[in-house]
Structures are given as C-alpha cells and as structure tokens.
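Asker: what's the 3D shape of this:
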Amino acid sequence: MAEPTQPPSDLVFPPEYAELIARIVTNWSSLEYGINQTIWALANTPQAYGACITSQLTSLHTRLSALLALMKVRKCSEKLISRVNKFADDARAPNELRNRVIHDPWLNSLEIPSILGRLEITAPKKLTIAAKPITTDALKEELRRIKAATDAFYLIKDAILAELPSLPDRHASELNPITTLPTDQ
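Answerer: Here you go, the predicted structure:
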C-alpha cells in the first residue's frame, strides 16, 4: 500500500469489512460492559452510581485492576482471583487487536480499492509505521480471538456472581478505615 492520501470521507468500506469491524467493536464493548457489571455487583452499587465510576475507566487494564481490587476486598476465592489474573494476561493480545481495529486509520488500496488496510503506527519497544493490507480472513481471525476473550470473561463473571452470596460480611471498620487523627499527640 502506498502512503495514504485519501481523506477519511472518501474511504469506501466494502460491506464484509464493515460488518466484521462492527462485530469486533460490538464484542469488545460487550466485554467492557460485562466487566463493568461485575464491578458494580462486587461494589454492591446501583448501575447508575457504578456507571459514574466505571465510565471513567478508559482501558481494559484499569477495569481489570479495579475488578481485582474489589475481589480482594470482598475476599473472593483465590481460584477466582487467579482466573481473573490469567484472563488479564491472556487478554493482552486481543486488546491489541481491538486497538489496531479502532485506532488505526483505515485505507483503501490504491491498486485494488476493494481491499482495505490500516495505517499502523505503534512504538511499544520499536517503532512500527506502515500501511498494512488486511484481508477479510485476517479480520475474521481477529474477531474470533476477541469473541473468545469476551466469552471467557462472561464465564468468569458468572463464577464471580455465583460466589457473591457466600462471601463473608466485612466489619464496618474494615469498610470505613479512615478516621480522624488524634489531637492529643
């Protein structure tokens, strides 16, 4: 692919590409929503209150960090905490796929306009800056991996919600540990 020169408004999305991209976006937003729901349940907060908090969490990492912190405070089983930690590790690759689909500019091939590609610009350890053709088969594989991550989390969510009624009550002093400083010292 040559250096992109077309304005985004001129981009032509063949229907199969558009559908696959929409399905990737939808699956990922479903994953984030499932994590949010689990955070709200663990925090024992109504959806509206919880959404005011979780809507500020802008990445998968921050959502999973909040989820794990709540699981530890609520004293979820070590088995479940380990499952969430493993999920966090396993979700890194699908998260990067999602980021490329969402954040990279899409381009039509100059030679074959029905072929799309992405302008990938990343620099986690080494700079990558290249227009890369993306086939619908490659997008289908990205969708498969993202859907697998979403499905895996929903199984974890079900396990957390099933464990929730058996979690121990916490003493008020544990839930409200901030006290005033003594004034006699």
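
Asker: List phi and psi for the spatially closest residue to I134 that is not a sequence neighbour.
Answerer: Excluding its sequence neighbours, the residue lying closest to I134 (CB to CB, 6 or more residues apart in numbering) is G117, at 5.4 Å. The C-beta positions use only the backbone N, C-alpha and C, and glycine is treated the same way. Note on G117: its backbone torsions stand at phi -150, psi 170 [degrees, to the nearest 10].

Asker: just checking, G117 touches P133?
Answerer: Yes: the pair G117 / P133 is scored as a contact, 4.3 Å apart, by CB atoms under 8 Å.

Asker: the more surrounded of those two?
Answerer: A direct count of neighbours by other CB atoms under 10 Å for G117 and P133 places G117 higher, at 19 against 14.

Asker: Against I102, how distant is that one?
Answerer: 15 Å (CB to CB, to the nearest Å).

Asker: where does the chain dip in pLDDT?
Answerer: Low-confidence segments of the chain, defined by pLDDT under 70: 1-9, 185.

Asker: Find the residue at the geometric middle of it.
Answerer: Nearest to the geometric centre of the chain sits L60, at 3.8 Å (CA atoms, centre = their mean).
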